[in-house]
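[1] kindly generate the corresponding structure for this input.
(one chain, ligands or ions: 1)
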Amino acid sequence: MSLVHGEGDTAPSLNDARRIVIKIGSALLVDAQRAALRTEWLDSLCSDIASLKQSGCDVIVVSSGAIALARHQMSKKSTRLRLEEKQALASIGQISLAQGWQQSFAAYGLTCGQLLLTQDDTEDRERHLNARATIETLLSFDCVPIINENDAVATNEIRFGDNDRLAARVAQMTASDTLILFSDINGLYTADPRKEPDARHIPVVDRVTEDIMALGGEPPPGYSSGGMRTKLLAARIANRSGTHMVIASGEHTSPVTRLLEGGLSTWFRAELDAGSARKRWIGSILSTKGTLTIDTGAEHALSKGASLLPAGVTQVSGTFQRGEAVSIYNTIGQIIARGLTNYSAHEIVKILGCQSSAAEQLLGYCGPDVLIHRDNLTLVSWI
Ligand code: GLU
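    Numbering: from 1, shown residues only. Sure, this is the predicted structure:
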């Protein structure tokens, strides 16, 4: 049985990436001896990110480190922490963590914005759209979104518990083409290289099969999250959403530059491209909560890849909230698309047929210009 899938094939390349999620593990960011951030390392990463942005890439950071930082600061080094202790430590550490990122980015003229998410924010459709819109807006401001799990309020039931899967969900939500997991290991091996000297490094994984999953071993004990297993679970989420993932060592300074220069890593190949994966996901939502009927002008615009504007809608039916999936019909009753709506049924009744500029007055607040953004719309020809 060969576990070394794809050996010899060309690996995906960071040079082709346009939108990258970079996940940083706690061990890389926190110096346990000094109970402080490793600022020199952080500066070198921010310099790398500034270069990526200069070359036209969008960069989103998922940063761990809040709990680890506060754990050292508060001298809570016992391996087992109760949930409420973790929550309290996260609330302490998150302040210093965000400040560290802000200071390091400022040196490169970059501004960052913080989002603390729970699992619901990435899975519930309405909250997913909200989080996504904030990230997109930060990127349009040329800022770097810095994301962590909202550990201070997340209970066990709604926690990811590890930022590997959170990062994969963020990549999925933002249709990012590449996810980098910087860790203390430079990729996946045929066995644990710390225990077995004959373990072979795997450069490319074409598909995260059960055999590959078996290489992840058991989750690490105690408070520690992550480990290879959650990285492989993250690869599954990312690859199915059209995102290539790479595990690389972040132990040295300038980790992105090292990766670009060919540093040892394992790439997990995306199953299809990110845009198509999102379209497929939307197309596969069968439980639509309502319908919109649109005029022939809007039908023509949609077929050319445009977003749906309130002006093109002639009728609305059903009860649905912002973020829910609706089916879109043409004037002769044929279904032509499905999409995630920016407005509830109740709101659409007020603005249908109107110019976007009039919507603010009719609704009493200023919402998105488009009723369904083209990225959140799948034509039936796709389904
Ligand atoms: N969200 C946790 C923190 O900031 C880290 C989770 C992880 O290490 O994956 O401390």
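[2] next, the contact list for Phe105, please.
    Counting by C-beta atoms under 8 Å, 6 or more residues apart in numbering, Phe105 touches 46, 49-50, 111-112, 144. The C-beta positions use only the backbone N, C-alpha and C, and glycine is treated the same way.
[3] same check, this time on Trp267
    11-12, 203-205, 244-246.
[4] now do the SS call for it.
    Of the three states, Trp267 takes strand according to DSSP: H, G, I helix; E, B strand; the rest coil.
[5] what bridges to it?
    Val204, Val246 (DSSP bridges).
[6] what number of residues lie near Thr288?
    Residues lying near Thr288 (other C-beta atoms under 10 Å) number 19.
[7] meant to ask about Arg132
    21.
[8] could you look up the SS state of it?
    Taking three-state DSSP, the label given to Arg132 is helix.
[9] leaving out chain neighbours, which residue sits closest to it?
    Met173 (5.2 Å; C-beta to C-beta, 6 or more residues apart in numbering).
[10] and the helices in this structure?
    Secondary structure of the chain (DSSP state H): helices at 26-29, 39-54, 66-73, 83-106, 119-123, 125-140, 163-173, 210-214, 227-240, 255-260, 274-283, 296-303, 345-351, 356-363.
[11] of the contacts of Trp267, which is the most crowded?
    Neighbour tally across the contacts of Trp267 (other C-beta under 10 Å): the maximum, 30 neighbours, falls on Met245.
[12] ok, that residue touching Ser265?
    No. Met245 lies out of contact with Ser265 (C-beta atoms under 8 Å); the separation is 10.2 Å.
[13] the ligand: which of the contacts of Trp267 is nearest?
    Met245 (15.1 Å; C-beta to the nearest ligand atom).
[14] tell me the spacing between that closest one and Thr174.
    14 Å (C-beta to C-beta, to the nearest Å).
[15] okay, now Glu360: neighbour count?
    12.
[16] which residues touch Ile328?
    291-294, 302, 308, 335-339, 372, 377.
[17] out of the residues you listed, which are inside strands?
    291-294, 335-339, 377 (DSSP state E).
[18] may I see the PyMOL selection of the buried members of these?
    Remark: buried members of the ones in strands among the contacts of Ile328, expressed as a PyMOL selection using 16 or more other C-beta atoms under 10 Å:
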select buried, resi 291+292+293+294+336+337+338+339+377
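[19] show me which pair in the ones in strands among the contacts of Ile328 is furthest apart.
    Greatest spatial distance among the ones in strands among the contacts of Ile328 (C-beta to C-beta): Thr293 and Leu377, at 15.3 Å.
[20] can you verify my assumption that Asp369 contacts Leu308?
    No. Taking C-beta under 8 Å as the definition, Asp369 is not a contact partner of Leu308, at 10.9 Å.
[21] against Gln321, how distant is the nearest residue to Ile185 once chain neighbours are set aside?
    Excluding the flanking residues, the one nearest Ile185 by C-beta to C-beta, 6+ apart is Ser249, at 6.5 Å. Remark: distance between Ser249 and Gln321 (C-beta to C-beta) = 44 Å.
[22] give me the more crowded residue out of the two.
    Counted by other C-beta under 10 Å, Ser249 and Gln321 do not tie: Ser249 has more neighbours, with 18 against 15.
[23] spit out the contact partners of that one.
    By C-beta under 8 Å, 6+ apart, the neighbours of Ser249 are 182-187, 255, 258, 263-265.
[24] report pLDDT for it.
    Listed pLDDT for Ser249 reads 94.
[25] could you do the one 3 residues further on as well?
    We note a pLDDT of 93 for His252 in this prediction.
[26] list the contacts of it.
    Going by C-beta under 8 Å, 6+ apart, the list of residues near His252 reads Arg258.
[27] find the closest residue to the ligand in the stretch 251-383 of the chain.
    Glu251 (16.0 Å).
[28] count of neighbours near that residue?
    The tally of other residues near Glu251 (other C-beta under 10 Å) stands at 15.
[29] pLDDT at Gln99, what is it?
    97.
[30] one more: His346?
    94.
[31] distance of it from Leu363?
    Counting by C-beta to C-beta, the gap from His346 to Leu363 is 10 Å.
[32] how many neighbouring residues does Lys279 have?
    Lys279: 23 neighbours (other C-beta under 10 Å).
[33] surely it is in contact with Thr378?
    Yes. The pair Lys279 / Thr378 is scored as a contact, 4.6 Å apart, by C-beta under 8 Å.
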